[in-house]
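Trainee: With the sequence up front, the predicted model follows.
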Amino acid sequence: MKKGWIIALALLLIGAAGAYIWYSRLKSNAAAENGPYDNTLKPRIELSRFDITDISDDAITMNMYMLIDNPLPVGFKAHQLDYTVYIANTPVIADSYKKPIEVKSGDSTVVMMPVKMLNKKLVRVLKTLEEKGIDSTTYKVRSSFVLDVPIVGEKTFAATMERRLPTVYIPKIKIDDIDLGKFGLKRMDVAAKVSITNKNKFPINFTDTRYTVMIDGKQIADGYQPEPVVIKAQATTPVVFPVTSKPGKTLSVLPKMLFDKKDTPYLVNFSCKIADKSDNPMFKNSKMMATVRGTLDDLKKLK
């Protein structure tokens, strides 16, 4: 019996020594490659891109794609990922991804996390950068997650990803006029006159643009602009989006439109795809939705 214990102990020691040598080699390889793991074998997390999905008056909703790489000799599971996003060292997003994440040994996965960024925080940061004339800034993501690693058990990992990228401004849409044209028996011509401000140093293309016009809670028109609309760099571009509506949709709100502009609200919904010629990853293949609201009294004129 004693001899059996000695043999088992010897095998255990040999196995431990082999695992240590194997781990050391992987660690050395990571260091030789200027290891993205800080010369250690630990999971790596990296921000791939943002996809903007909605821009409203108070917040920007987007999908944040995070690449999680696992160089460990075993797979792992994480039940939650906590993260904070910084722009110019100012936190603009702090949230948690609470869905299970599982990555096999030597593999990687991309996790899509829906996040919401309050416009007040972003506007303050961008305004400071603009006043200082800073055209590029640091984007940083700090994350931590508890991994359930076989044999080892639970272990907390923290990672920080930092990149120097051009300062990116979200295009701002402003409604100048809602121009009602001539009435017809079956249709009425409507034009939404819009100003789109682009503070970026590169032009942006709006494509596949769809929009609806609502007055006093009633949708009076909608439209579709499939051709690209070029929004000039560091400029405000005027755009006219034509739509056609049946007159019956506007007759019920016509008195308010003509005589009660101050208390008659309007709402215009836009959705489009945005891109730029330089393939900026912050805008690449992104979708944008914007809601612009006010009262008819805010408009320059109403025909």
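Mentor: Received the coordinates, thanks.
Trainee: can you tell me which residues contact the residue nearest the centre of the chain?
Mentor: Using C-alpha atoms, centre = their mean, the residue of the chain that lies closest to the mean C-alpha position is residue 62, 3.1 Å off. Contact analysis of residue 62 by C-beta atoms under 8 Å, 6 or more residues apart in numbering lists 50-54, 114-117. The way it works is simple: take the backbone N, C-alpha and C, and place the C-beta from them, glycine included.
Trainee: Kindly write the PyMOL command that selects the buried subset of the residues you listed.
Mentor: Buried subset of those, written as a PyMOL selection, criterion 16 or more other C-beta atoms under 10 Å:
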select buried, resi 50+51+52+53+115+117
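Trainee: if you look at the contacts of residue 62, which of them are in helices?
Mentor: With helices taken from DSSP state H, there is no overlap with the contacts of residue 62.
Trainee: From residue 170, how far out is the residue nearest to the centre of the chain?
Mentor: 10 Å (C-beta to C-beta, to the nearest Å).
Trainee: hey, what's in contact with both of those two?
Mentor: What both residue 62 and residue 170 touch, as defined by C-beta under 8 Å, 6+ apart, is the set residue 52.
Trainee: Below-threshold pLDDT in this protein: ranges please.
Mentor: 1-41, 57, 148-153, 180-189, 246-249, 251, 276-285, 300-303 (pLDDT under 70).
Trainee: how about 50 then?
Mentor: 1, 7, 10-27, 29-39, 185, 302-303 (pLDDT under 50).
Trainee: Show me it divided up by domain.
Mentor: According to automatic domain parsing, the chain comprises the domains 1-40, 42-166, 172-298.
Trainee: Find the nearest non-adjacent residue to residue 98, please.
Mentor: Distance criterion C-beta to C-beta, 6 or more residues apart in numbering; nearest residue to residue 98, sequence neighbours excluded, is residue 80 at 5.2 Å.
Trainee: ok, that neighbour - contacts?
Mentor: Shown in contact with residue 80 (C-beta under 8 Å, 6+ apart): 96-98, 145-146.
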